[in-house]
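[1] Sharing a model that was predicted from the sequence below.
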There are 2 protein chains.
Amino acid sequence: MGTSPALASTIPSGAAPSGTDTLAINTIRTLAMDAVQQANSGHPGTPMALAPVGYTLWRDFLRFHPEQPDWPNRDRFVLSVGHASMLLYGLLHLSGVGEIDAEGERTGRPAVSLDDIKQFRQMDSRTPGHPEYRMTTGVETTTGPLGQGCANSVGMAMAACWLGDRFNGGGDTPLFDYDVYVLCGDGDMMEGISGEAASMAGHLKLANLCWLYDNNTISIEGHTELAFSENVAERFRGYGWNTLHVADANDTAAIAAALQTFKDTTDRPTLIVVDSVIGYGSPNKHNTAAAHGEPLGAEEIKLTKRAYGWPEDANFRVPDDVRDHLRDLMIARVAPDFEAWEAALAKAQEAEPEKIDELHRMRRGKMPDGWDDAVPTFDADAKGIASRDAGGKVLNAFAAKVPWLLGGAADLAPSTKTKLNFEGAGSFSAQDYAGRNVHFGIREHAMGAIANGMALCYLRPYTATFMVFSDYMKPPLRLAAIMELPVVFVFTHDSIGVGEDGPTHQPIEQLAQLRGIPGMTTLRPADANETAEAWKVALSQSDRPSSIVLSRQALPTVDRSKYAPASGLAKGAYVLADAEGGAPEVILVGTGSEVSLCLQAYEALKQDGVRARVVSMPSWELFELQDEAYRNEVLPPDQLARVAVEQAGPMGWDRYVGMKGAKLVMNSFGASAPIGKLQAKYGFTVDNLVKLAREQIALRRSE
Amino acid sequence: MGTSPALASTIPSGAAPSGTDTLAINTIRTLAMDAVQQANSGHPGTPMALAPVGYTLWRDFLRFHPEQPDWPNRDRFVLSVGHASMLLYGLLHLSGVGEIDAEGERTGRPAVSLDDIKQFRQMDSRTPGHPEYRMTTGVETTTGPLGQGCANSVGMAMAACWLGDRFNGGGDTPLFDYDVYVLCGDGDMMEGISGEAASMAGHLKLANLCWLYDNNTISIEGHTELAFSENVAERFRGYGWNTLHVADANDTAAIAAALQTFKDTTDRPTLIVVDSVIGYGSPNKHNTAAAHGEPLGAEEIKLTKRAYGWPEDANFRVPDDVRDHLRDLMIARVAPDFEAWEAALAKAQEAEPEKIDELHRMRRGKMPDGWDDAVPTFDADAKGIASRDAGGKVLNAFAAKVPWLLGGAADLAPSTKTKLNFEGAGSFSAQDYAGRNVHFGIREHAMGAIANGMALCYLRPYTATFMVFSDYMKPPLRLAAIMELPVVFVFTHDSIGVGEDGPTHQPIEQLAQLRGIPGMTTLRPADANETAEAWKVALSQSDRPSSIVLSRQALPTVDRSKYAPASGLAKGAYVLADAEGGAPEVILVGTGSEVSLCLQAYEALKQDGVRARVVSMPSWELFELQDEAYRNEVLPPDQLARVAVEQAGPMGWDRYVGMKGAKLVMNSFGASAPIGKLQAKYGFTVDNLVKLAREQIALRRSE
């Protein structure tokens, strides 16, 4: 490289190109340059490089109707290189996409107006630095953290297959057969999550999936030679993908030909490697890292505009010819498809009204009527069952009522107990896209992001792995919360209760980690009945993810005739067992497997005439949502003799037990040994808890 | 598959095999079966499958001297399939490795005795469920979380190259030319981190690296067909590896031939795909998931022993012929190499005593004399500099004094400011293994684990990326802490101060996440001088990792003539500015970029006659290490009017401000906007802080 390909090649040569197309492409480029310059921050180089690619895709291939951006069967466009957001905003602007608000209503204004582009990266604008789902119509997923968009796209493509299998009748027009297109870059290719996702996509033969890899050979530290010299196409062939090469991102005919090959490929996903020049057109910054993540500068912008044959003093210019050009072409091409689809939907509505009602519910994030009629209940049982086992039963009960609840584990279903085992819930595979058990393989990171992609396409996905491996999937947990997606993340083997597998498999800090994510509901139920309530809460939420944290070991099923009902879980914390004959002298606050320990200590204290209260606190987040009166009822401010009990790190417990409260928690990593020995070693015994409770009482009396 | 290859093939056919070899291999297998059965938990199937592979490697290739397990130039053996720990324990036992304790002293007892094997997975045994570094001599790294061992191995191989470049004289015997062998499995191959690490290893042409991939086609959910059908070898060729295939794990001649090909390959790493049968020999469980992670059962063990021609009632049996067989062969093969190395070391010691002194320091985790003489200091400056910039200067100052301090960023060095820019600190590359700037590429997860591998081989590595992407590398952060490795993890762009890049790039919960890891020292310095102190603390620690958390934006350099010196950082928290003329009425506790805000509020309150104290609290962990007297001096228990100020989530702050203290923190994700607008939106203003301080004072007075 080193020199720019001739600028003349920006004139699209395929798919009935015109001078207006060239103008449109350069409009996208110059808007990106101008917006970044005005914001004094952002990433101009990639929009400049990929404008011909994005434009060709949208103009001639993407089945996206600008007036119907919520059409369920639209092709999905994922900008995995989220930092190139101005490319997407430019395309949304030129295609005249209409805005749809959070309630699904048309606002009558454009998704991205020219004024919005002038507000690039400003507070509350529709054009944030990275594309944010729910903030801009036409943004199909929040991107920026590299690799996530790639993995989301696999979930979207899987959803298309699943939805097609469920909803397509025998007619000519399928209700679901959308394709998923991704623009990705070197960073996406280097991140491991993309490899996991690509391996899975190849395995599942997702022929509706097309990644366009922007091979610009420039990363932030310089030429990719510094760190990245693999043969990406060969790697993807190893994954089972078809791979194509376009030698010049400006060669729109070659791009169109490659996209057509994708359309014609029916047995595998497609990777199109597109060689491009970052900052294309900029005389002094093209093909350099300087074009990546900062404004080009006023002078360089002028020079670049001159190179494009653009009026060099015109900022935010959209030529008149360009204004409706892309929009008109897209509508002309896509409207017949959309109309056929609407007719097919109407026909299906008549033939199978219940099924189409289901589709409408899915789109609105609503559950089927009576979905929670069948919350399983479990009889009191001192021996009890592991909450992972209870979770499996509960999940199956709900899944039988919610046909679009599907998911699986990162190769741990026999341990996480998350397999759907009723009639008809087969394995989701290349041979059977109707299956509801997804075998994610040992790919936690992709699993999380794939689930996010499925949730973006109307499904209610769940995932499962061991709690400690939540570490491997932290980025998609966070993104589920940012996007407000109702994914259910199941984490089992939730403490030193893991036993012999030892410290690498015993979560310590992971509970606090989940609780720390804004917008995540973390639920650690105490027994089988709280587990049922936890799943109920998780599924009733339509705009936030949940983490359900379950034990490996058996937990006693609390006798609810003696203690409070498990429905208290919905309030996050509740008084499970209370002092009799007076106010409590001490409060024991536990979660999950430690609640039974608290009950044992409570009984022991009671025998000794000590008035204790046990608070089961399965969800900090839900508790914080309650009003102050309720919170003070559960944890009276005047009773500070408190002990928190949790087989996890101490982080955050001071909030509920105060600076002088006791915390029976894990202050180190665990160890490899049988569970009983571990509990003794780390003090999770009735005797120790009773001792701590008595110390608290004494401490408060001494004050 | 479906049927076991003929058992006769267990007789090694290459490398002067003998009946004793077969006995030894079957000893490893039966010990694994017996240990798992006795522990009533564990993973017998993979040791049974891979015993011939491990045995052939150790017998004929691994340059490991059983009496010199700390020989710096030993080949490294990494069991990335950590659940197959009994394979490693069996090999350590049969090779008679001698134990070395934490102080580097020989204890005179074996690393793994037969009694130790009988204590498999028991409390405080030398044979925990997964191999734990520091707990068992001969365990080169803690493994279990899949993919980590693979990525560690890349760091170990890089270290070999670097050490060789630094220490090898012109003599015949290099001081460093060790090889790194890894046993890995399907899980390792599916995890993205391994792909990242393999891509990097191929890029760096690490010819000293050999991965043996156990292709047993069985994962926990069943046949790998369920989730994994890629062509792994083709993928690795894409990464630039040589790939070989051994069709039968029992064919020791083929294994030996492949290992020899690895030895003869000098321009790239090698992947050997070894087809194996999990649970080999078990008539009813071989080639099934049932052989993976649970005891075979007493009956099946008998049947399996019978198939091996083993006395079926003999448990934990090591035949007399086997007892010293592997040990003797290894010593005979390796002792000459070791002696030549010792001679070379002695010669080098004479020729270049300073260099060899350096090597000894590296081995003992000691810094060079006077390494901290040159802590940079920064003059008071209201405008100041970003702590990432200060960090870059400080890092360079220390690196100039510590030749084995090296590292780099995940393609963000120009932003994290972590490049070593002095003479001689070039890029670490296939062309120059002496370089000290490592270009990790956009591979955060592998970066962390590679750094851990380097630290395991005497180097002092650092890594760098944006704080929010610490999420991508949580697993190796945790493992660095478990292994007590003194890696320095630099995280810049540490708050909403990131600005326009928006919520995906603005860390919120990450600080608490780092603080939650047991054994991690998290440091968030307030200005340039605290940054210098933070690096000093990080480098002075030899047995724990550190995270240094730095700002993107400029921070005023605090006037230390007016306020307390930055050396207070070493105590975790210190009184930076105190009330005058009486005890403080309110305490403002801040970290990092918010400390200056606290100082501004302090001055404003002072002007109004309010006595405030400012506590700079760069490290919770260091503060907790101080005695109670000091802690009470900084945060007097009788003064509970307190405000915590941190541009991060609230998690954990109640510990320092109490249940009624105020927290000026982030209670949601951030937004895309210029920094000033963000700070105003979220209340990080002097006015708001003053208001909160006054409210605290009023609240306490009302009590």
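    Yep, that arrived. A quick note: this is a predicted structure, and the numbers were derived from the prediction, not measured.
[2] For the rest of this, base every contact and every neighbour count on C-alpha atoms.
    Noted.
[3] Can you name the residues that contact the closest residue to chain B within the stretch 101-250 of chain A?
    When distances are taken as Cα to the nearest Cα, the stretch 101-250 of chain A approaches chain B most closely through A:Gly192, which lies 3.7 Å from it. With contact taken as Cα atoms under 8 Å, 6 or more residues apart in numbering or on different chains, A:Gly192 is in contact with A:Gly147, B:Glu191, B:Gly192, B:Ile193, B:Ser194, B:Gly195, B:Glu196, B:Arg443, B:His445.
[4] taking those one by one, which sit in helices?
    Counting by DSSP state H, the members of the contacts of A:Gly192 that fall within helices are B:Gly192, B:Ile193, B:Ser194, B:Gly195, B:Glu196, B:His445.
[5] Go through stretch A:117-135 and flag the buried ones.
    By neighbour count with 16 or more other Cα atoms under 10 Å in any protein chain shown, stretch A:117-135 contains the buried residues A:117-123, A:125-135.
[6] measure that stretch end to end?
    Across stretch A:117-135, the terminal residues are separated by 14 Å (Cα to Cα, to the nearest Å).
[7] List the buried residues in the longest helix belonging to chain A.
    Once chain A is assigned using DSSP H, the helix that runs over the most residues is helix A:325-351. Going by neighbour count (16+ other Cα under 10 Å), the buried part of helix A:325-351 is A:325-328, A:330-331, A:333-335, A:337-338, A:341, A:344-345, A:348.
[8] How about stretch A:596-604?
    Neighbour-count burial for stretch A:596-604, counted by 16+ other Cα under 10 Å, picks out A:Ser596, A:Leu597, A:Cys598, A:Leu599, A:Gln600, A:Ala601, A:Tyr602, A:Glu603, A:Ala604.
[9] what does that stretch contact?
    A:526, A:555-556, A:558, A:577, A:588-590, A:612-614, A:645, A:684-687, A:689-690.
[10] now, which of these lie within strands?
    Where those overlap with strands, as defined by DSSP state E, the overlap consists of A:Leu555, A:Pro556, A:Ala577, A:Leu588, A:Val589, A:Gly590, A:Ala612, A:Arg613, A:Val614, A:Val645.
[11] check which helix or strand covers A:Asp21.
    helix A:19-39 (DSSP states H and E).
[12] Please work out how many residues are found near A:Ala425.
    Each residue near A:Ala425 was counted by other Cα atoms under 10 Å in any protein chain shown, and the total is 18.
[13] Quickly find the element holding it.
    Using DSSP H and E, A:Ala425 falls outside every helix and strand.
[14] Run through the residues that contact it.
    A:Gly435, A:Arg436, A:Asn437.
[15] now that we have those residues, which one has the most neighbours?
    Neighbours were tallied for each of the contacts of A:Ala425 (criterion: other Cα under 10 Å), and the maximum of 25 neighbours falls on A:Arg436.
[16] Is that one in contact with A:Ser429, as I believe?
    No - because the distance of 9.4 Å does not satisfy Cα atoms under 8 Å, A:Arg436 is recorded as not touching A:Ser429.
[17] The host helix or strand of A:Ala399 - contacts with which helices or strands?
    Secondary-structure element containing A:Ala399, defined by DSSP H and E: helix A:387-401. Using 3 or more Cα pairs under 8 Å, 6 or more residues apart in numbering or on different chains; DSSP states H and E, the elements in contact with helix A:387-401 are helix A:413-416, helix A:528-540.
[18] Would you mind listing the buried residues in the first one?
    Neighbour counts using 16+ other Cα under 10 Å place A:Ala413, A:Ser415, A:Thr416 of helix A:413-416 among the buried residues.
[19] Need the phi and psi values for the residue nearest to A:Gly365 when sequence neighbours are not counted.
    Once its chain neighbours are removed from consideration, A:Gly365 has its nearest residue in A:Ser542; the separation is 5.8 Å (Cα to Cα, 6 or more residues apart in numbering or on different chains). Dihedral angles of A:Ser542 (phi, psi; degrees, to the nearest 10) stand at phi -110, psi -10.
[20] Now do stretch A:684-693: everything it contacts.
    By Cα under 8 Å, 6+ apart, the list of residues contacting stretch A:684-693 from outside reads A:586-588, A:597-598, A:600-602, A:604-605, A:641-643, A:647, A:662, A:664, A:679, A:683.
[21] Over to stretch A:20-39?
    A:10-12, A:42-44, A:47-48, A:51-52, A:55, A:86-87, A:90-91, A:94, A:117-122, A:294-298, A:301, A:305, A:308, A:315-319, A:321-322, A:325-326.
[22] quick one: low-confidence parts of chain A?
    A:1-17 (pLDDT under 70).
[23] so where do the strands sit in the stretch 351-500 of chain A?
    In order along the chain, the stretch 351-500 of chain A carries the following strands (DSSP state E, counting those that start in this stretch): A:381-386, A:405-409, A:427-428, A:437-439, A:460-466, A:488-492.
[24] Now the two most distant members of the ones in helices among the contacts of A:Gly192.
    With distances taken as Cα to Cα, the most widely separated pair in the ones in helices among the contacts of A:Gly192 is B:Gly195 and B:His445, at 10.3 Å.
[25] Among those two, which residue is more densely surrounded?
    Per other Cα under 10 Å, whichever of B:Gly195 and B:His445 has more neighbours is B:His445, with 31 against 28.
[26] Find the nearest non-adjacent residue to A:Ile331, please.
    Excluding the flanking residues, the one nearest A:Ile331 by Cα to Cα, 6+ apart is A:His65, at 5.9 Å.
[27] how about the one you found, what does it touch?
    The contact partners of A:His65, taken as Cα under 8 Å, 6+ apart, are A:Trp71, A:Arg74, A:Val97, A:Met330, A:Ile331, A:Val334, A:Ala335, A:Phe338.
[28] Reformat the residues you listed as JSON lines; add distance to A:Gly170.
    Listed next are the contacts of A:His65 as JSON lines, based on distance: Cα to Cα, whole Å:
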{"residue": "A:Trp71", "distance to A:Gly170": "21"}
{"residue": "A:Arg74", "distance to A:Gly170": "20"}
{"residue": "A:Val97", "distance to A:Gly170": "32"}
{"residue": "A:Met330", "distance to A:Gly170": "28"}
{"residue": "A:Ile331", "distance to A:Gly170": "27"}
{"residue": "A:Val334", "distance to A:Gly170": "22"}
{"residue": "A:Ala335", "distance to A:Gly170": "22"}
{"residue": "A:Phe338", "distance to A:Gly170": "18"}
